[in-house]
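Enquirer: Any chance you can model this:
(2 chains)
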Protein chains: 2
Amino acid sequence: MTTSNTGNAGGVDPAVRAELARLRESIDNIDAAVVHMLAERFKCTQQVGHLKAAHQLPPADPSREAQQIARLRSLAENARLDPAFAEKLLNFIIAEVIRHHESIADSAGGAGGADKL
Amino acid sequence: MTTSNTGNAGGVDPAVRAELARLRESIDNIDAAVVHMLAERFKCTQQVGHLKAAHQLPPADPSREAQQIARLRSLAENARLDPAFAEKLLNFIIAEVIRHHESIADSAGGAGGADKL
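Expert: This is a model prediction of the structure:
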């Protein structure tokens, strides 16, 4: 009656369900590890942000970002992760970091303002 | 003459430059760890994708995703990472996983097709 959009999830073989649960436990463990790695990464980038704001360095650094992207694409290839995905992910994280840096520079710069370009 | 958009990067105190290099080395180490964790995560989700395709389970699973998001937000809060960022990141990764699952289901389903909604 109302089974059309749920596949046959209700009638799935218990062995399949157990295998799915096993894989999801690994995914959850990895996600917890990634969250904690990223928390540590943002601690580092917050320090970079304060350093840059204190010394009037621009929040964005295109040559550093180009190096990071090239390195991550190469690491991703070796790990058999799609390099395009790794690059998109790094850009996603860097965009968040730049927002943090701008807000640090704003609060540190006052009326004088830091050079953010 | 052409220094306007580069801040004063050229004239930065060597101690500041060394501190920046130290932080960037840590960031690079963390990024390498994250890339390898995500490579392992995609190995798990590829297996999930094959399992789902073989048993006609839908690629997306909204209740599982809601649980993952709630859990990651809570982990992020404990790790002092912005929970909104953690949620956006998970959605970004899940979108990639669903694309993989759809392509697995497409290649496994043939003319009959799997239920992907």
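Enquirer: Return the list of helices and strands in contact with the helix or strand that residue A:28 is a member of.
Expert: Secondary structure from DSSP states H and E places residue A:28 in helix A:14-54. Packed against helix A:14-54 by the contact rule (3 or more Cβ pairs under 8 Å, 6 or more residues apart in numbering or on different chains; DSSP states H and E) you find helix A:83-109, helix B:14-54, helix B:62-78, helix B:83-109. Glycine gets a C-beta too; all of them are placed from N, C-alpha and C.
Enquirer: Give me the angle between it and helix B:83-109.
Expert: On the basis of axes from the mean of the first three to the mean of the last three Cα atoms, to 10 degrees, helix A:14-54 is oriented at 140 degrees to helix B:83-109.
Enquirer: hang on, the earlier thing: need the helices and strands packed on helix A:14-54 in CSV with mean pLDDT, distance to residue A:52 and mean neighbour count, can you?
Expert: Converted to CSV, the helices and strands packed on helix A:14-54 look like this (pLDDT from 0 to 100; distance: least, Cβ to Cβ, whole Å; neighbours: other Cβ atoms under 10 Å in any protein chain shown):
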stretch, mean pLDDT, distance to residue A:52, mean neighbour count
helix A:83-109, 85, 6, 17
helix B:14-54, 95, 8, 17
helix B:62-78, 94, 25, 15
helix B:83-109, 85, 20, 17
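Enquirer: Any chance of TSV for the ones you listed, columns distance to residue A:76?
Expert: Formatted as TSV, the helices and strands packed on helix A:14-54 follow (distance: least, Cβ to Cβ, whole Å):
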stretch	distance to residue A:76
helix A:83-109	4
helix B:14-54	5
helix B:62-78	22
helix B:83-109	13
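Enquirer: which stretch among the ones you listed comes nearest residue A:57?
Expert: Residue A:57 lies closest to helix B:14-54 among these, at 8.1 Å (Cβ to Cβ).
Enquirer: give me every residue that touches the closest residue to residue A:75 other than its chain neighbours.
Expert: Ranked by Cβ to Cβ, 6 or more residues apart in numbering or on different chains and with sequence neighbours excluded, the top spatial neighbour of residue A:75 is residue B:35, at 4.9 Å. Residue B:35 sits next to A:72, A:75, A:76, A:79, A:81, A:86 when contact means Cβ atoms under 8 Å, 6 or more residues apart in numbering or on different chains.
Enquirer: for residue A:85, same thing?
Expert: A:76, B:96.
Enquirer: Just say helix, strand or coil for residue A:60.
Expert: At residue A:60 the chain is in coil, as set by DSSP: H, G, I helix; E, B strand; the rest coil.
Enquirer: measure it to residue A:17 for me?
Expert: The gap separating residue A:60 from residue A:17 is 48 Å, by Cβ to Cβ, to the nearest Å.
Enquirer: Is residue A:83 in contact with residue A:76, as I believe?
Expert: Yes. Contact criterion Cβ atoms under 8 Å: residue A:83 and residue A:76 qualify, at 4.5 Å.
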